[in-house]
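Asks: Need the 3D shape of this:
(2 chains)
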Amino acid sequence: MKIRKFILPFVVAIFWQGQLNAQTAQQIVDKMDEVANEATDQKTELKIILIDKNGKESTRTATLKSKGDDRMLFRFTSPESQAGISILSLPNGVMYLYLPAYAKERRINASSKGQKFAGTDFCYEDMEVSTIGDKYDAKILSENAETWTLEMNPKPEEKTIYSKLNIIVNKSNYYPQSIEFFHKKTGLKSKKLSNTKIEKIDGHWVATEMEMVDLKSNHKTKMEIESIKFNNGFANDEFSLRELKK
Amino acid sequence: MEKLAKFIIKSRYWIIALTLVITLVLGSFIKNLQINPDILSYLPKDDSVSVLFDQIGEKYGGNQTAVIGFKTDDIFTTNAFKTIEQITDSAEAFDGVSTVISLTNVIDIKEVDSVLEIGKLINEEQFPLSDNELKDLKKYVLSKDMYKGTLVSEDATMTMIAIKFSEGVDKTKSAVLLQKKINKIHTSGKLYYGGLPYMLKNVGDIILNDIIFLGPLAFLVIAITLFFGFKSFSGVVLPLLSVGIAIIWTLGLMALFKYEITLVSNVSPIILLAVGSAYTIHVLNRINETTESDYHKKVQVALSYIIVPVFFASLTTMVGFVSFVFGSYLTMISSFGLFTALGVLFSLLLSVSFVPALLTSFKNKEKANFVKVKPNRKESKMILAFLKRINNLVFNHPKYIISVWAIIVIVFILGTFKIQRKVDMLDYFKKDDSGRLAEEMLREKFGGTLPVYITIKGNIQSPEVLKMMRKTEDYLESLPEISHAQSVADLIEEMNNIMGEGKIIPNDEGKIFNLWFLLEGQDIMEQLVSSDLDEGLIQGTLNTSDSKLMNRVVDKIQLFINNNKSNDFEIEQTGFPSIYKKLDKSLIKSQFQSLIIAIMLVFLAVAGLLKSVTKGFFASIPIIVTLIVLFGFMGFTGIPLDVATVLVGSISIGIGVDYAIHMITHYNYEFKKYGKIKEALEQSIKISGKSITINVVSVTFGFIVLLFSRLVPLQRFGALVGVTMITSGLATLTLLPAIIILSNRYLPKLFTINSLNTFVKKGINTTKEKLH
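Replies: Numbering: from 1, shown residues only, chains lettered A, B, ... in the order given. Take a look at the predicted model:
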């Protein structure tokens, strides 16, 4: 009796604590997703800097239009050799590629979500506009005055190329400061995204500078947002084959 | 010399103590000794072929591909794919691995229902595949040249996983660790480990095996021959002890100065064992033959006589090895020469200091039975009877002897023209060697594992360069020695085809840029083009390791390169055949250089020792005859000149000339004593002849141990040294005396006046004065 009296409150306390954490973690994630997806659409001018393991840089620029979480038109504007190459992403994973030198569009299949996107260290899965809270269960690993560190484990039914993510979220704006990606097969940390500059533009928090490092190959991709405009009122037909070929 | 002999006996305890200390100190380093079987590292670091090869390693994620073959009834089953996936994943996660290519992660460019897909052949999310999917996949894979015969065998019973290691990683060691890890995976089939890292690993294992098993075996064999030669405990123990110490010193020094044991230097201990024991044998023999009642005096007298001939004998042997240092482009050969020469020097020093010091330390003769050398009568009789026959033969039929040798020389000269240069690296291994079997299996199913690399410098996104790449690939594939070739041009053509413009390189650079965009970030690109896009790599797979064919491939490719020069690009080749050719060529070249240097140096040394050019020439005759017999023998028996057998020439000069030196110095000594050629020769044949005979037998048996080596070149090496030792000994015992007798008969001036050294002349003069 004595034992039970002693242990029961303890077990309950642990159980409670777990519940409490889970709730809080989930709340943080929900809030984080809300902050990230506030705008209905956006038009961005991007500078993409690829840095190889020897520190050699190559720069390209692109414009990106997106609407909701399933329409995107991505177009390279420089260097000259790549200017005009465009990718159109439509609902249900339908994707088209436009190659200006061939003056032809081709339906493409980014056959694996783990494939790198256009030579960057971002893969197609990273580029997906989606709400992270729908795919992952969150758990607070630690917290300090400024940040929470969350461990995100994929929900059982979700097919993802990562075994888990560790996200550091800023308490003041619910914006992620960094994400560490763990490879599904090896379980090892494979990539790290750092949002090096986070600004509030037109009332929306946005990372205007970010860096993704492939920890195995030591290849880096820096993305800098040169301009961004929210809520442009894009119609669905702005994401069409006709637009792609323009 | 007397002073030196006295000094040695006086400081005997110091010598013993010093020897022990040095042995303990140097011996403690031996555990650090490393084996380096990587023949690709044997070329100097600044060699152009080697530099390019290393650059390819750095730029394209490795230059040595380890290949794991997985064989089972049908590759396209759920179980087999699970195995391939497990192997691929473990290899990818393995430290030091830069890239892995297998069926489960290879790039694929295809068009399905007019949708372009660039990605992996199988997506990670697709696993496990259903039976129907596997059936379709099998059909698809076997229909594509990119996979058929390269990743999957045509009969679909075997697949391979190609693994490259990062530059700066010990590839052989990593390959071994990886193999251990992968062997833990449960598979339903059989795994084969091939490619350079595993081939080299096998060579390394064999080197180690040889040192561990053949060393002691050689010890034992030489001990047995010594026992029959001397029939005494000390006659066995002292030569082996002194040479054992010399070997410890040599290996200790190698470890101390961070030299590694190579494919060549692993025979060093056996050479030292065979050669070095001779010096102690000569010392002991001389002590035996010296008639002095006081043991210390006896040793001292013997020593003061024997130091000079033993010194010169070892000097010439050292010269034979040092000639490798001068003549060699390859560090493995020069370090082999250097350290073996040092080992010889140590053997010499120990035989004239440590051995007599040990002998005289037990000065109480009654109690010191075990160090007293008692010649066995029966055995000595056998040798003496043999020498007596030779003696009779020499004196009764000198012309016959010379004629017989002349015929032998002529016949064997003909044989030298038949010497083969054809070496297949696979032939290094015995037929049932597991590494060889794996390599043969991979060759049968995938056309080989050894790489040929061609780099094209230029703007690799230009149509000209890409077309040249394609042309080079076509050329490589037209060569019977090359099974397949790949480059980035294949992928560009494949995609151009999917864009509806045919399987060709587009003429429009803009189109190439567009296609290139799709390839960016694909893992395989790192293995095909430099990050600056100023160089592309064409990789061919070699289906042979036959030196002759490899040389031909290198020459043909070079011709192709020369015929296709352009301002737009610069083509270069490297890879296994290029390195092998360079290695082989410099090996042969340096061997012949060192052979010539050795002959010259030995001639100078002997002429200096005997203070006579003529005698130097005479002493050289048995060696030259031996060399002719050696190369003729190789020609007749079909033993090719390879990394090991090419060393025999210089070694046989070094060892063989010892016999002639002993013979001639002894002859001089006796001639001084008797003043008559007949007696002098008789005594020389009797006493030096015995040492020579024992030495020939023990050296030959010592080297014959190499017949048990698992490396075929070392087996041949052992047999050849045996042949040269016997020839050299016989030539010294028969041909040399016959020449002395005949030259004395027909050219008396030559041998009695002109060429006698001043020492002998003085002796004659004093005798003459006394007579008067």
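
Asks: any weak-confidence spans in chain A?
Replies: Under the criterion pLDDT under 70, the flagged ranges of chain A are A:1-23, A:110-113, A:128-130.

Asks: What parts of it come near chain B?
Replies: Those residues of chain A that sit near chain B, judged by CB under 8 Å from any CB of the partner chain, are A:52, A:54, A:56, A:76, A:81-82, A:85, A:97, A:99-102, A:104, A:106-120, A:159, A:161, A:184-186, A:188, A:217. C-betas here are computed from N, CA, C, even on glycine.

Asks: Return the members of those residues classed as buried.
Replies: Among the residues of chain A next to chain B, those buried by neighbour count (16 or more other CB atoms under 10 Å in any protein chain shown) are A:76, A:81-82, A:85, A:97, A:99-102, A:106-120, A:161, A:184-185, A:217.

Asks: quick one: which of those sit in helices?
Replies: With DSSP state H as the criterion, helices contain none of those.

Asks: What pLDDT does the model give the closest residue to residue B:272 other than its chain neighbours?
Replies: Once flanking residues are discounted, residue B:272 sits nearest to residue B:343: 4.3 Å by CB to CB, 6 or more residues apart in numbering or on different chains. Listed pLDDT for residue B:343 reads 95.

Asks: wait, what's in contact with the residue nearest the centre of chain B?
Replies: By CA atoms, centre = their mean, chain B has its centre lying nearest to residue B:264, at 2.9 Å. Shown in contact with residue B:264 (CB atoms under 8 Å, 6 or more residues apart in numbering or on different chains): B:332-333, B:336, B:643-644, B:647.

Asks: Dump these into JSON lines; add secondary structure as well.
Replies: Output for the contacts of residue B:264, formatted as JSON lines (DSSP: H, G, I helix; E, B strand; the rest coil):
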{"residue": "B:332", "secondary structure": "helix"}
{"residue": "B:333", "secondary structure": "helix"}
{"residue": "B:336", "secondary structure": "helix"}
{"residue": "B:643", "secondary structure": "coil"}
{"residue": "B:644", "secondary structure": "coil"}
{"residue": "B:647", "secondary structure": "helix"}
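
Asks: Return the member of these nearest to chain A.
Replies: residue B:332 (32.4 Å; CB to the nearest CB).

Asks: Isn't that closest one up against residue B:259?
Replies: No - if you go by CB atoms under 8 Å, residue B:332 and residue B:259 don't touch, sitting 9.4 Å apart.

Asks: which one of the two has more residues nearby?
Replies: Between residue B:332 and residue B:259, counted using other CB atoms under 10 Å in any protein chain shown, residue B:332 has the larger neighbour count: 24 against 20.

Asks: Contacts only, for the nearest residue to residue A:186 once chain neighbours are set aside.
Replies: Nearest non-adjacent residue to residue A:186, counting by CB to CB, 6+ apart: residue B:93, 4.5 Å away. Listed by CB under 8 Å, 6+ apart, the contact set of residue B:93 reads A:185-186, A:188.

Asks: Output the set of residues of the stretch 101-250 of chain B in proximity to chain A.
Replies: B:108, B:112, B:114-120, B:123-125.

Asks: same thing but 7 Å
Replies: B:114-117, B:119-120, B:123-125 (CB under 7 Å from any CB of the partner chain).
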